[in-house]
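1. Curious how this folds, go ahead:
(3 chains)
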Amino acid sequence: MSTRPGKGGGRRRVAPLQEHTGCLLEVVEIKTHFKTPAGVVRAVDGVSLTLDRGRTLGIVGESGSGKSVLSRSIMGLLPAHNVIREGSVKFEGNELVGLGSNDMRRFWGVELSMVFQDPMTSLNPVMRVGNQITESLRYHLGMEKDEANATALNLLRSVGIPEPQQRMRQYPHELSGGMRQRVVIAIALACGPKLLFADEPTTALDVTVQARILDLLQRQQRERHMAMVLVTHDLGVVAGRTHDIAVMYAGKIVETAPTATLFRNVKMPYTEALLQSIPKLDYHSHTRLTVIPGRPPNLIHPPKGCKFSPRCAYAQERCLEEDPPLFEADTPGHHYRCFFPVGTPEGVEAFSRNQERGETAAGTPVVVRTAEAV
Amino acid sequence: MRAVAQRIGQLVVVLFLVTLFTALLLSMLPGDIGETIIPFGSDEQREAVRDDLGVNDPIWTQYGRWVGNFVTGDFGKFYRQGNVTEVSDRIQSTFPVSLQLMVYAQLLALVIAIPLGVYTAHRAGSVADKATNTTAYALLAVPNFVLALVLAYVVGVELGWLPPQGYVRPTENLGEHIRSMILPSISLAVGQIAVYMRLLRTDLVATLQQDFILMAKSKGISERRVLWRHALRPSSLTLLTVAGLNVGTLIGGALIIEIIFSLDGMGRLVFDAISERQVVAIQSLVAIIAIAYVLVNFLVDLLYAAVDPRIRHGRG
Amino acid sequence: MAEADTDSTRDAGDAIHDRDLIAGAPVSPTELDVVVAEAVDAVIVVDTEAEIERAATKRLGIMGWLAIGWMALVALMTIAPGLFPIPSLDERSIEALRSGNFGPQSGHPLGIDGSGYDMAAKVVNGARASMIVSVGAVTFGLVVGGFLGLIAGYFRGRIDTVLTAGFNVMLAFPQLILALTLVTVFANQQGVSYGRRVGVVTFAIGIVSVPILGRITRANTLAWAQREFVLAAKVIGTKTSRIMFREVLPNVLPAMFSIVLLGVGVAIVVEGGLALLGVGVPPGIDSPSWGNLIASLRSQLFFGRPWGVFAPSMAVFLTVLSLNYLGDVVRARFDVRESVL
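-> Down below sits the predicted model:
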């Protein structure tokens, strides 16, 4: 990737500031708070992670966990007003926090890219599909019209769109949902970014299309040796498609581990609850599904202590008072945020104590968690 | 093609209803036509007028006759003491004036309103935005004729920079023509500027919250390009509609402005016709104005399809 | 929303019904109808979030109170002009005339007109004529147009098609010209009484506002008539007229109220325009309307005496501004739009 001049007056595509040998992405204690009339919403409250080229990170959480805000915050796409952004985001050694839009434009589209959730609303409805792709190419890479069109055609082909020639001239509303998302992916990948954020890329699509889109993303990532962050609320999406998973709750990462480890050796009760709420094929029909009681916490006035304690079956008095730090587990790369983790003697003891009492320290009734027939 | 036929059908229906209504309304004019039009003429002259206008026939015949004449281009005559002029002649000389006035005003309004709208939408909530909005809001409350009078007085009489009255054809003297049209155009345009700017701003603010704008931003496109190339087009629909519908208001406004600034336009013509009870002339003029109105709206529809491809393809 | 298809006269306004596609946001076509209808009046949508927020939290703010204050003043002028501490209408100030000072001076806060009569007195007394005409016109428009719009919106189908077509045809008629013609036909001869003239002018402006108010009422009715409580009333067999007037109308009225406020402002301006053309309220010496004042004192401008025009213009400006502001505040609270939010 060289220094071809682009239309934007030659300030496109400068050479990377330094030859970087460390991680591609290094996030340290990033915080994103929104100032609203009701108070300060602490959407992201101290998240750290690292990512290398060629690796996929899955970020999982309920709505309101802060996962979408996290990806936008890392990319720096949030508005400037009423937003407090602290911490450090280093991309190839370059600090992104504190850069204004003008500086960030060196990275957007070119180094960092994002695929949004709803393909209907993320494409410009009055612009032809082809133009939306070639726009990046001509603007950032300075391509001439023909070259850009040819590249766009290839891109469309590589994301699996049949008859790309025709599609180029069409408008977004003339394409199906799945195809639109493919176009969005093509746009995001046009300039060959090193890091791709996929923010719930399949949530707005049919289930049948979901798998194909995810496969497409995986394939592209492998071919381009990109780093990818897959944000979703669906554990099923990240199983088998990510190298590592980070589980978010109330603006913090509550557990992070290599994927296999997470499923095999879950430590954080929240993650366990998520896993258990996935219905399994061999359940009888009319099985009552397990749900996590309660609601996501108020991000303006979060509860003291562990944010999950009001809903946690393992909750003890300590959980209500102290906010647990991230502990390291035996497997390298596995961290969790709990005093009474699943599968440990403390955890087992805590759970049985609550079972005896019939309720947790927070007053939540303990539900007997067997998923057999009712 | 079907759409065009439908449109034309609509036009005919609207015209028919409008002109019929006018005819009925005018038939209720009290007094004798001959006397009203030529109060000081001789009896023969009045009789001639009455014959010409066929006022002794029932209303339907009169209307039918008018329709027949109108579609063949005979718009009737102006009957005045001493001379009779063809309405079509008068229209030919006055129509360009009114057209110029309205076009200038509309263009001026759009040229100022669109950038202002974009700017304030982009900087929504800032001091500049609030100040501009407040000013626009206040300007809305100023009737255009008051503004015209004020401008005519301040700029025309007191300062003497621009002529407060009179019209000069562009073919005669382009410079003077422009000078004579500045104040009238501004008077007509100012009210529109406020309206358009705020409409555009509302739409733009809503559009700027859409995902595809964020997506464009995440592509690394410059803010200016995002604003003008991506955000403006989908937000211009309401503006377009209003600009089209506004033609009616513009016509009324032009009428008053023409009178204040002594411009020899169609508004003036209509006013004279009405105050002089020139029945046939009124009919024809009203019909022409109605045609213009419907045509403009048709144009707006076409522009719609051009601006928003989803409409082009029939609700995609 | 199904009613997007009931319009058979497909005009520019209907093309907006397609806007419900914009970026997936399900914008109700009826709500856009409101925008379009208002657009005919060249009226503005409340846009700043602060305004909406303020209205939502039921605080009026300084502007609101100023607006109410001014309107209260105007109301007082209309009802009891004698209460104001100004010279009476038939007092001529010879000294001022002789001194050649026509602007504000002691004893004449708003200056004097060309013959020495006090401007403040004229403005205060002129309020009555202006307000009677404009309020009367809008009331007429509301009653007739509102009724028609209610019917159109409630019954839909054929009735709606016919009525909407009717509205569109009326809108095709340039408003000022229609008003002009009406007044000329019915009230512009010699010997027409003052009362009749006022009546005709009011009627003319009212007629012109019928299609606009009709369209807006229709849009609001469409939105409300679909709600479940109407269906519930139908199901238990309530008489149609009762449903319309007891269930739907009370909900439509608040939204209409804001348009009414704005409409009065517009009507004042239209009356001014008509006056300028010589067909407004007849300028009797004790009750010229503001429009009349502007029209008759227009010639004063060319003598370098702007206060004849300036004083009534200020009155008009402040009144329209206040009405616009109050109308917006009311709208922000009751607009159909809020159901989409």
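
2. Show me which residues of stretch B:9-27 are buried.
-> Within stretch B:9-27, the residues that qualify as buried are B:10-11, B:14-15, B:17-19, B:21-23, B:25-26, counting by 16 or more other Cβ atoms under 10 Å in any protein chain shown. Placement of C-beta: from N, CA and C, glycine included.

3. For it, what is the distance to the chain centroid?
-> Offset of stretch B:9-27 from its chain centre (Cα atoms, centre = their mean, to the nearest Å): 19 Å.

4. ok, residues contacting it?
-> Contacts of stretch B:9-27 from elsewhere in the structure, counted by Cβ atoms under 8 Å, 6 or more residues apart in numbering or on different chains, are B:59, B:62-63, B:66-67, B:70, B:279, B:282-283, B:286-287, B:290-291, B:294-295, B:298, C:9, C:11, C:168-169, C:172-173, C:181-182, C:185.

5. repeat that with 6 Å
-> By Cβ atoms under 6 Å, 6 or more residues apart in numbering or on different chains, the list of residues contacting stretch B:9-27 from outside reads B:59, B:63, B:279, B:283, B:286-287, B:290, B:294, C:169, C:172-173, C:185.

6. before we move on, what about stretch B:268-287?
-> Counting by Cβ under 6 Å, 6+ apart, B:19, B:22, B:26, B:29, B:36, B:66, B:75-76, B:78, B:87, B:90, B:94, B:258, C:180-181, C:184 sit against stretch B:268-287.

7. Among those residues, which lie within helices?
-> B:19, B:22, B:26, B:36, B:66, B:87, B:90, B:94, B:258, C:180-181, C:184 (DSSP state H).

8. would you list those residues in a markdown table and tack on distance to residue A:292 and pLDDT?
-> Formatted as a markdown table, these follow (distance: Cβ to Cβ, whole Å; pLDDT from 0 to 100):
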| residue | distance to residue A:292 | pLDDT |
| --- | --- | --- |
| B:19 | 72 | 80 |
| B:22 | 72 | 79 |
| B:26 | 77 | 77 |
| B:36 | 87 | 61 |
| B:66 | 79 | 75 |
| B:87 | 81 | 76 |
| B:90 | 81 | 82 |
| B:94 | 77 | 86 |
| B:258 | 73 | 89 |
| C:180 | 71 | 82 |
| C:181 | 72 | 82 |
| C:184 | 76 | 78 |
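
9. Among those residues, which pair sits farthest apart?
-> B:66 and B:258 (25.6 Å; Cβ to Cβ).

10. Break down the stretch 51-200 of chain A into its strands, ranges please.
-> Ranges of strands within the stretch 51-200 of chain A are A:56-60, A:83-91, A:94-95, A:112-115, A:195-199, based on DSSP state E, counting those that start in this stretch.

11. quick one: which of the ones you listed is nearest residue C:238?
-> strand A:195-199 (50.1 Å).

12. Strand partners (parallel or antiparallel) of that closest one?
-> Using DSSP bridges, strand A:195-199 pairs in its sheet with strand A:112-115 (parallel), strand A:227-232 (parallel).

13. what does the helix or strand where residue C:292 lies contact?
-> Taking DSSP states H and E as the criterion, residue C:292 maps to helix C:290-296. The contact list for helix C:290-296, computed with Cβ under 6 Å, 6+ apart, reads C:122, C:126, C:130, C:271-272, C:275-276, C:280, C:283, C:309, C:312, C:315-316.

14. sorry, back to before: can you put the strands paired with strand A:195-199 in JSON lines and add mean pLDDT and distance to residue C:66?
-> Below are these laid out as JSON lines (pLDDT from 0 to 100; distance: least, Cβ to Cβ, whole Å):
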{"stretch": "strand A:112-115", "mean pLDDT": "92", "distance to residue C:66": "48"}
{"stretch": "strand A:227-232", "mean pLDDT": "94", "distance to residue C:66": "50"}
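
15. Next, format those strands as TSV and append mean neighbour count.
-> Below are these laid out as TSV (neighbours: other Cβ atoms under 10 Å in any protein chain shown):
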stretch	mean neighbour count
strand A:112-115	27
strand A:227-232	25
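
16. can I get the ones you listed in CSV with distance to residue A:195?
-> As requested, the strands paired with strand A:195-199 are arranged in CSV below (distance: least, Cβ to Cβ, whole Å):
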stretch, distance to residue A:195
strand A:112-115, 5
strand A:227-232, 5
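
17. Please identify which of those is closest to residue A:180.
-> strand A:112-115 (11.3 Å).

18. Please parse chain A into its domains.
-> Domain ranges of chain A: A:25-256, A:270-357, per automatic domain parsing.

19. farthest-separated two in the contacts of stretch B:268-287?
-> Every pair of those checked by Cβ to Cβ; the farthest is B:66 and B:258, at 25.6 Å.
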